[in-house]
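Chemist: I'd like to go over a predicted model; first the sequence, then the structure.
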Amino acid sequence: MRKGLQFALLAVMSLAVLSGCSDNAANSESLTATGSQPSESAGGSGNSGKGGESITLWTNFQVEAELLQRYADAWSEETGNKATIVQTSIELQQFAQAANSKGGPDGIFGIANDQLASFVTAKLAEEVPADFYNDDDYVDAAVQASYVDGKRYGVPIAVETVTLFYNKDKVSATPATWDELLETAKSSGGVKFDATSIYYDLGFVRAFDSYIFKWADNAYDTEDIGLGNEGAVQAYSYIKRMVDEGFISSDITFDIARSAFENGETAYYIGGPWDVDAFASAGVNFELAPMPALNGKPFVTPVGTQVGFVSSKSSHKDAVWDFYQYLIDEASVEMYETGARIPAKLSVQQQIEMDAVTEAFMKQIASGEPLPSVPELGQLWTPYSDNMRLLFQGTLTPADAAGYIEAQFKEAIELMHAGS
């Protein structure tokens, strides 16, 4: 699978969007994105999307940027409006400055859902109109990712997740449960993944009825943290079992785990669409399967969603919403063909030509959920990883790790709010 797909985990963990282009293109895009060049978009008086409006949309999509501009031109021909796509690195402060200036962006089409809440908190994102889309028409996890504080601000574009890779030269059948996986791994080369990261550990936590933040009424309660309760202790105990049986350790990173599978050392690996081309090029005889069940429950993996939102500062909101609807319905299939972005809209999924790889990821997405779309999530990575390493090294018990993770996470959130 696939051309040019970006490694979403780095985007999640750094809370920054990857970007890349030639020097000349970057210089041109930088001028447009910062509002340093005159532009007709945003800031003028709009006419409710009835024609004659000019809108500018930023995107973090690289491979698909030219394609999006082609569809923008087609939409312009149909409506009499003008749409310009700007591929650029997107940061909150940069967007805030540009959105408040003449020629600023009217929205963003293509940004990781974990960033959405920061734009909402800064009052830069417009709430999605109630009749713009039905939640039931989209992947559940993508819809959940589009809500912030009980209101919809994001338009789901594309989804991705991680799932189980297995080496067909080492194992002949996929395990139904994690217990089966560990049993077969003992004689087939093992399993490796970065178990110090909540990104990979989410399924263990959720399997024992724990959680990062409580989700209810389309909102996360950031004061209700579930990483230190009894369920979390059971999850950490299960992960520690893999350490005790020699499968993982405190120094296994994403790169080490990936390299071990690519070199044919391990039987199992947890990875995403961004791994497929490298493994195929290396000649690994692999297939993908849904994640094994744990504790009698489907194994939840984090679903990353690329979303779009309309700038609250735009004077052309109706035109932007109309353009977004056009892109979702008309461009999504070709975005999949160009950049392997699995559509978030269920009816569009039925239009794409799926290979076995895409089908495997889509099955796992059905069991997934987003990492919480709240700014507070950024405070979790360090305390979680630090304490999991101490657990793996034998310095902490699972109960100790649970207590420290939750306490340090809460403290980091308090400091975050104290400084805001």
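Modeler: Structure's in. What do you need? Numbering: from 1, shown residues only.
Chemist: who are the contact partners of Tyr268?
Modeler: By CB atoms under 8 Å, 6 or more residues apart in numbering, the residues touching Tyr268 are Leu164, Phe165, Tyr166, Asn167, Val171, Leu181, Ala185, Gly190, Val191, Lys192, Phe261. From N, CA and C alone the C-beta is placed, and that goes for glycine too.
Chemist: for the second one, list each beta-bridge partner.
Modeler: Going back to what we said before, that points to Phe165. As for beta bridges, Phe165 partners with Tyr269, Leu288 under DSSP bridges.
Chemist: pretty sure it is touching Ala280, no?
Modeler: No: distance between Phe165 and Ala280: 11.2 Å, which falls outside the contact criterion (CB atoms under 8 Å).
Chemist: quick one, strands of the chain?
Modeler: 54-59, 82-87, 107-112, 147-148, 151-152, 155-160, 163-167, 191-192, 213-216, 219-225, 268-271, 286-289, 304-310, 342-343 (DSSP state E).
Chemist: to Glu414, which of the ones you listed lies closest?
Modeler: The closest of these to Glu414 is strand 219-225. By CB to CB, the value is 10.4 Å.
Chemist: paired strands for the closest one, with orientation please.
Modeler: Looking at strand 219-225 with DSSP bridges, its partner strands are strand 213-216 (antiparallel).
Chemist: any low-confidence regions in the stretch 101-250 of the chain?
Modeler: Under the criterion pLDDT under 70, no range of the stretch 101-250 of the chain is flagged.
Chemist: wait, what's in contact with Val243?
Modeler: Shown here is Val243, whose contacts under the criterion CB under 8 Å, 6+ apart are Ala195, Ser249, Ser250, Leu391, Phe392.
Chemist: nearest to Ala401, out of the strands of the chain?
Modeler: Between Ala401 and the strands of the chain, the shortest separation by CB to CB is 14.2 Å, and it involves strand 219-225.
Chemist: neighbouring contacts of that closest one?
Modeler: Looking at what lies outside strand 219-225 - CB under 8 Å, 6+ apart - the contacts are 147-150, 212-215, 372-374, 376, 406, 409-410, 413.
Chemist: apply 6 Å and report the result again.
Modeler: Strand 219-225 is contacted from outside by Asp149, Gly150, Phe213, Lys214, Pro372, Val374, Glu376, Glu406, using CB atoms under 6 Å, 6 or more residues apart in numbering.
Chemist: just give me the closest of those to Pro398.
Modeler: Distances from Pro398 to the contacts of strand 219-225, taken as CB to CB, are shortest for Glu406 (12.7 Å).
Chemist: which residues does that closest one contact?
Modeler: Under the criterion of CB under 6 Å, 6+ apart, the contact partners of Glu406 comprise Ile225, Leu227, Gly228.
Chemist: now for these, which sits with the most neighbours around it?
Modeler: The member of those surrounded by the most neighbours (other CB atoms under 10 Å) is Leu227, with 30 neighbours in all.
Chemist: spatially nearest residue to Val162, not counting backbone neighbours?
Modeler: If you skip the residues right next to it in sequence, Val162 has Gly272 as its closest partner in space, 4.6 Å away by CB to CB, 6 or more residues apart in numbering.
Chemist: wait, doesn't the one you found sit right on Val159?
Modeler: No: under the contact definition of CB atoms under 6 Å, Gly272 does not touch Val159, with a separation of 11.3 Å.
Chemist: ok, the two, which is more surrounded?
Modeler: For Gly272 against Val159, the residue with the higher neighbour count under other CB under 10 Å is Val159, and the figures read 26 against 20.
Chemist: what sits against the more buried one?
Modeler: Taking CB under 6 Å, 6+ apart as the definition, contacts of Val159 comprise Val139, Ala142, Val303, Thr305, Ile342, Ala344, Ile365.
Chemist: what do you get for Phe213?
Modeler: When contacts are counted by CB under 6 Å, 6+ apart, Phe213 is found next to Tyr220, Asp221, Thr222, Pro372.
Chemist: how about 10 Å then?
Modeler: 219-227, 371-372, 374, 376-377, 380, 409 (CB atoms under 10 Å, 6 or more residues apart in numbering).
Chemist: re the thing from before, in JSON lines, list the contacts of Glu406 along with distance to Asp201.
Modeler: Formatted as JSON lines, the entries for the contacts of Glu406 read as follows, by distance: CB to CB, whole Å:
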{"residue": "Ile225", "distance to Asp201": "15"}
{"residue": "Leu227", "distance to Asp201": "10"}
{"residue": "Gly228", "distance to Asp201": "14"}
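Chemist: wait, which of those residues is closest to Tyr199?
Modeler: Each of these was scored against Tyr199 by CB to CB, and Leu227 proved nearest at 13.7 Å.
Chemist: go ahead and confirm that closest one touches Gln379.
Modeler: No: look at Leu227 against Gln379 with CB atoms under 10 Å: they stay out of range, at 11.7 Å.
Chemist: quick one: common contacting residues for those two?
Modeler: Shared between the contact lists of Leu227 and Gln379 (criterion: CB under 10 Å, 6+ apart) are residues Gln408, Phe409, Lys410.
Chemist: show me how the protein divides into domains.
Modeler: According to automatic domain parsing, the chain is divided into the following domains: 8-160+303-365, 163-302+374-418.
Chemist: for Ser314, state which of the contacts of Glu406 is nearest.
Modeler: Ser314 has its nearest neighbour among the contacts of Glu406 in Ile225, at 35.7 Å by CB to CB.
Chemist: for that closest one, give its distance to Leu396.
Modeler: The spacing between Ile225 and Leu396, counted by CB to CB, to the nearest Å, is 18 Å.
Chemist: what's the burial count for the residue nearest to Lys297 when sequence neighbours are not counted?
Modeler: Nearest non-adjacent residue to Lys297, counting by CB to CB, 6+ apart: Ala207, 5.0 Å away. Other residues within reach of Ala207 by the criterion other CB under 10 Å amount to 21.
Chemist: start the count at 43, not 1, going forward
Modeler: Renumbered: residue one is now 43, and that last one reads Ala249.
Chemist: wait, Ala249 sits on Tyr278?
Modeler: No: the pair Ala249 / Tyr278 is not scored as a contact, 11.9 Å apart, by CB under 10 Å.
Chemist: about what we covered before: spell out which residues are contacts of both of Gly314 and Val201.
Modeler: Between them, Gly314 and Val201 share the contacting residues Gly346, Phe403, judged by CB under 10 Å, 6+ apart.
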